[in-house]
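A.B. asks: how would this look folded up:
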Amino acid sequence: MEYKRQLSDLRVAIVHDWLTGVGGAERVVESMLKLFPQAELYTSAYDSAKLTIFKGRKVHTTFLQSWPLAKRKHQLFASIRPLAFESLDLSSYDLVISSSSAESKGVITSTETLHISYIHTPVRYYWSGYQGYLAHPGFGVLNPLVRLLMPSMVRKLRIWDFAAAQRPDFLIANSNLVAGRIKKYYGRESEVINPPVNIKRFDYRHAKVGDYYLVVSRLVPYKRVDLAILACNELGRKLIVAGRGPELKNLQKIAGDTIEFIVSPRDEKVDSLYLASKALIFSGLEDFGITPLEAMSAGKPVICFSKGGAIETVVDGQTGIYHSQQSVASLVEAIQKFEKTSFDKEIIVKGAKMFSEDRFLSELGGYVIGKINQKR
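C.D. replies: Next up is the predicted model:
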């Protein structure tokens, strides 16, 4: 591909907030490294045991790497990571790409270096999700203390975050929703390049419809996995929840007999769960959302909340069903509507193919080349 040949001679650094678990943002970095195989990878803290996708690759970390809990509870270090990223020496690179939903966009680069930041979202707990995090900080018995300290801490960090967002030469948003947040909170324009999904990983043609609904998610409050559990409790439908996170115990407490949890499943297990499911339930307000596209790649419809990034990928009545409120009643109604609706597997998969990795690499590669020529 021509864009790859033009980019192969660049000295490239890819900087990610933290590498302590595999999620959609880490999959984006994995794809970026296919476009820039020569790139060196930087992050605040790296857990190689949980991120085998970067096995064999040199990963540069900050001073936080040796700190207790930095690889297990990154939320504790929000006020320190700005200093950690500012301490990185990236002066030897032609191109720096920061993959950011937190502080990595704040790295300091020379005037000769092109810095492009791929924004997954402006920091949720400073901006769009502040009230939700204040209500549910996710620190267990420490929540009252966190609620007390959070307002003053966030006020200071918002100032740094806004300044950090002015440092990159150019910003890329992962969705139209995020582009709007970038404009609102950072006062900057951005180009939208949607994240990639591996549409080749599923042999969907021979998949059979199972007897369960599926949630694949990190178990944190804003993902609203509770809605799927409570709706399936009410309807007596079988639900499998695949994932891990601080909300696990709370979710297990509200789960009825038809709910099953699979904690930290391997990729192969997740693939088989997608292929044998009725549909994916996706009720959070997401910046974009990779899991709906993974489900669609497996030929499965998605029952999703009708706001956020999911409506940029899921078509109501064709590749899934929307629910209009983040409430149990609204989700119950959507599930009942889903069960009366027929879906064409080929149309669903075709919808996912619009977000392929090849498309992502082509768009990102072309964008970078254009900005390199613009900077010269």
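
A.B. asks: so residue 15, which of the three states?
C.D. replies: The assignment at residue 15 comes out as strand when based on DSSP: H, G, I helix; E, B strand; the rest coil.

A.B. asks: er, residue 64 actually
C.D. replies: Per three-state DSSP, the secondary structure class of residue 64 is helix.

A.B. asks: ok, so what distance separates the nearest residue to it once chain neighbours are set aside from residue 123?
C.D. replies: Nearest residue to residue 64, sequence neighbours excluded (CB to CB, 6 or more residues apart in numbering): residue 70, at 4.4 Å. (Glycine included, C-beta is placed from N, CA and C.) The gap separating residue 70 from residue 123 is 18 Å, by CB to CB, to the nearest Å.

A.B. asks: thinking again about what came up before, could you report the neighbour count for the residue nearest to residue 64?
C.D. replies: As a burial measure, residue 70 scores 24 neighbours (other CB atoms under 10 Å).

A.B. asks: same check, this time on residue 357
C.D. replies: Residue 357: 19 neighbours (other CB under 10 Å).

A.B. asks: What spatial separation is found between it and residue 57?
C.D. replies: As defined by CB to CB, residue 357 lies at a distance of 18 Å from residue 57.

A.B. asks: Hmm, residue 275 is touching residue 202, no?
C.D. replies: Yes - with contacts counted by CB atoms under 8 Å, residue 275 reaches residue 202, the gap being 6.3 Å.

A.B. asks: list residues touching both of these two?
C.D. replies: 298-299 (CB atoms under 8 Å, 6 or more residues apart in numbering).

A.B. asks: need the strands for the stretch 151-300 of the chain, in chain order.
C.D. replies: 170-173, 191-192, 212-216, 238-242, 259-262, 280-282 (DSSP state E, counting those that start in this stretch).

A.B. asks: what packs against the first one?
C.D. replies: Same thing as strand 170-173. Applying 3 or more CB pairs under 8 Å, 6 or more residues apart in numbering; DSSP states H and E, one finds that strand 170-173 makes contact with strand 114-119, strand 191-192, helix 357-375.

A.B. asks: what's it in contact with?
C.D. replies: Applying CB under 8 Å, 6+ apart, the set of residues contacting strand 170-173 from outside is 115-119, 165, 179, 182, 186, 188-193, 364, 367, 371.

A.B. asks: And the last one, by the same measure?
C.D. replies: With contact meaning CB under 8 Å, 6+ apart, strand 280-282 is reached by 213-216, 227-228, 231, 239, 274, 289, 291-292, 295, 300-305, 310, 331, 335.

A.B. asks: hmm, 6 Å instead?
C.D. replies: Strand 280-282 has contacts (CB atoms under 6 Å, 6 or more residues apart in numbering) with 213-215, 228, 292, 295, 300, 302-304, 310.

A.B. asks: Can you give me every residue that contacts the nearest residue to residue 38 once chain neighbours are set aside?
C.D. replies: Excluding its sequence neighbours, the residue lying closest to residue 38 (CB to CB, 6+ apart) is residue 12, at 6.1 Å. For residue 12, the contacting residues are 36, 39, 95, by CB under 6 Å, 6+ apart.

A.B. asks: What is the neighbour count of the second one?
C.D. replies: For residue 39, the tally of surrounding residues (other CB under 10 Å) stands at 22.

A.B. asks: my guess is it contacts residue 16, does it?
C.D. replies: No - assessed by CB atoms under 6 Å, residue 39 is found out of contact with residue 16, at 11.2 Å.

A.B. asks: So, low pLDDT: which residues of this structure?
C.D. replies: Along the chain, the parts satisfying pLDDT under 70 run over 1-5, 130, 376.

A.B. asks: Go again with 50.
C.D. replies: Along the chain, no part satisfies pLDDT under 50.

A.B. asks: can you pull out the helices in it?
C.D. replies: 2-7, 24-35, 81-86, 130-135, 143-165, 176-181, 225-235, 248-254, 267-276, 291-297, 328-338, 345-353, 357-375 (DSSP state H).

A.B. asks: what's the closest of the ones you listed to residue 52?
C.D. replies: Residue 52 lies closest to helix 267-276 among the helices of the chain, at 9.6 Å (CB to CB).

A.B. asks: Give me the distance between the closest residue to residue 87 other than its chain neighbours and residue 209.
C.D. replies: Spatial nearest neighbour of residue 87, excluding adjacent residues (CB to CB, 6+ apart): residue 62 at 6.3 Å. Remark: distance between residue 62 and residue 209 (CB to CB) = 47 Å.

A.B. asks: Comparing these two, which residue is more hemmed in?
C.D. replies: Shown here are residue 62 and residue 209; by other CB under 10 Å, residue 62 has more neighbours (23 against 13).

A.B. asks: who touches the closest residue in space to residue 312 that isn't next to it in sequence in this structure?
C.D. replies: Ranked by CB to CB, 6+ apart and with sequence neighbours excluded, the top spatial neighbour of residue 312 is residue 175, at 5.6 Å. By CB under 6 Å, 6+ apart, the contact set of residue 175 is 287-288, 309, 312.

A.B. asks: Now the buried members of these.
C.D. replies: 287-288, 309, 312 (16 or more other CB atoms under 10 Å).

A.B. asks: Neighbour count added to the contacts of strand 280-282, as a markdown table?
C.D. replies: A markdown table is the format used below for the contacts of strand 280-282 (neighbours: other CB atoms under 10 Å):
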| residue | neighbour count |
| --- | --- |
| 213 | 25 |
| 214 | 28 |
| 215 | 28 |
| 228 | 28 |
| 292 | 30 |
| 295 | 31 |
| 300 | 30 |
| 302 | 27 |
| 303 | 26 |
| 304 | 31 |
| 310 | 27 |
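
A.B. asks: of those, closest to residue 246?
C.D. replies: Out of these, the member with the shortest distance to residue 246 (by CB to CB) is residue 215, at 15.9 Å.
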